[in-house]
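Q: Below are the sequence and a predicted model; questions follow.
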Amino acid sequence: MRSAGNGGLVGVIDYGAGNLGSVMNALKRLSLPARFAAGPEELVPASSPFEKILFPGDGHFAAAAASLEKSGYGAAIKEWINADKPFLGICIGLQLLFDYSEEAPPENGREVRGLGLVPGTVRRFSGRKVPQIGWNQTTAEPGSKIFRGLRENSFFYYIHSYYADPSDPSVIAARAEYYGSYCSAVERGALAAVQFHPEKSGAAGLRLLENWASA
């Protein structure tokens with residue numbers, strides 16, 4: 001694996017969920033300078049110490065959305081992405097970019113909203129064997145920046161019960177098959193997000209992180 005060099009400091013968002021140790025180890029292996037963001041104020045584009053933001057995570061959509069709102073990271077992420085600054089979401093870091101999730105239906109007439117940065121809904125797999133856990137082939141769309149140089153239909157590691165269903169199919173960067181074809185990655189400008197865990201996906205996952213960091 002080639003070194004990704006020191007293409008600017010990566011800020012990793014820690015809001016109380018996620019495989020943060022694995023993510024930090026992967027960035028270290030690529031010789032990418034990275035540290036946890038000290039707070040949402042460090043995501044102000046004009047004054048941020050970071051060149052890129054990485055948002056990993058797992059857990060329940062409603063709890064994660066509430067945590068983002070309470071911590072102030074939700075508004076900060078919106079400001080960062082709306083400024084078209086480099087961003088990578090992983091797992092629920094992808095799902096929270098969407099409007100709603102079937103994992104968090106309305107309660108007492110109140111809707112649980114995601115960040116609404118990518119129009120669409122997060123849906124539950126319709127099959128009986130849920131969640132999907134393990135390695136799955138992932139087919140990149142032509143021209144994807146984060147998948148460049150990767151072998152066609154590379155395998156990545158997944159663990160999830162819900163998948164993103166974007167309203168605009170042009171943002172889909174990759175698809176996988178599980179009870180049908182579904183969106184497993186999105187790209188739009190400097191925004192990228194993946195449903196699988198690149199930090200747990202061996203050489204292919206490291207190459208994807210390297211691609212993102214050097215874009």
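A: That came through fine.

Q: starting at the chain centroid, how far to stretch 92-107?
A: 13 Å (Cα atoms, centre = their mean, to the nearest Å).

Q: Touching that stretch from outside, list them.
A: With contacts defined as Cβ atoms under 8 Å, 6 or more residues apart in numbering, stretch 92-107 is touched by 13, 17-18, 55-62, 64-65, 68, 81, 89, 111-124, 161-162, 164, 166, 185-186, 191, 193-195. All C-beta atoms are positioned from the backbone trio N, CA, C, and that covers glycine.

Q: Determine the three-state secondary structure at the residue minimising distance to the centre of the chain.
A: Centrality entry for the chain: nearest residue to the mean C-alpha point is Gly89, 2.0 Å, by Cα atoms, centre = their mean. Counting by DSSP: H, G, I helix; E, B strand; the rest coil, the backbone at Gly89 sits in strand.

Q: any idea which helix is longest in the chain?
A: Selection of the longest helix in the chain by residue count, based on DSSP state H, yields helix 202-214.

Q: Low-confidence regions, this protein specifically.
A: 1-7, 17-19, 108-109 (pLDDT under 70).

Q: In this structure Gly205 contacts Tyr157, no?
A: Yes: Gly205 sits in contact with Tyr157 when judged by Cβ atoms under 8 Å, with a separation of 7.3 Å.

Q: could you pull out the strands for the protein?
A: 10-12, 34-36, 52-55, 87-90, 100-101, 120-124, 132-140, 154-160, 162-166, 172-177, 181-188, 191-194 (DSSP state E).

Q: between these, which gets nearest to Phe147?
A: Closest to Phe147 of those is strand 132-140 (Cβ to Cβ; 3.6 Å).

Q: Adjacent strands (with direction) for the closest one?
A: strand 154-160 (antiparallel), strand 172-177 (antiparallel) (DSSP bridges).

Q: Just put these in a markdown table and tack on distance to Glu102 and mean neighbour count.
A: Below are these laid out as a markdown table (distance: least, Cβ to Cβ, whole Å; neighbours: other Cβ atoms under 10 Å):
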| stretch | distance to Glu102 | mean neighbour count |
| --- | --- | --- |
| strand 154-160 | 12 | 20 |
| strand 172-177 | 18 | 19 |
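
Q: Could I get those in TSV, plus columns for distance to Leu209?
A: Shown next, in TSV, are those (distance: least, Cβ to Cβ, whole Å):
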stretch	distance to Leu209
strand 154-160	12
strand 172-177	14
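
Q: for those strands, which one sits closest to Val130?
A: Using Cβ to Cβ, the strands paired with strand 132-140 put strand 154-160 closest to Val130, at 8.9 Å.

Q: any idea how far the residue nearest to the centre of the chain lies from Arg151?
A: 23 Å (Cβ to Cβ, to the nearest Å).

Q: returning to what we had before: what's the closest non-adjacent residue to the residue nearest to the centre of the chain?
A: Ala193 (3.4 Å; Cβ to Cβ, 6 or more residues apart in numbering).

Q: just checking, that neighbour touches Ile90?
A: Yes: counting by Cβ under 8 Å, Ile90 is a contact partner of Ala193 at 7.3 Å.
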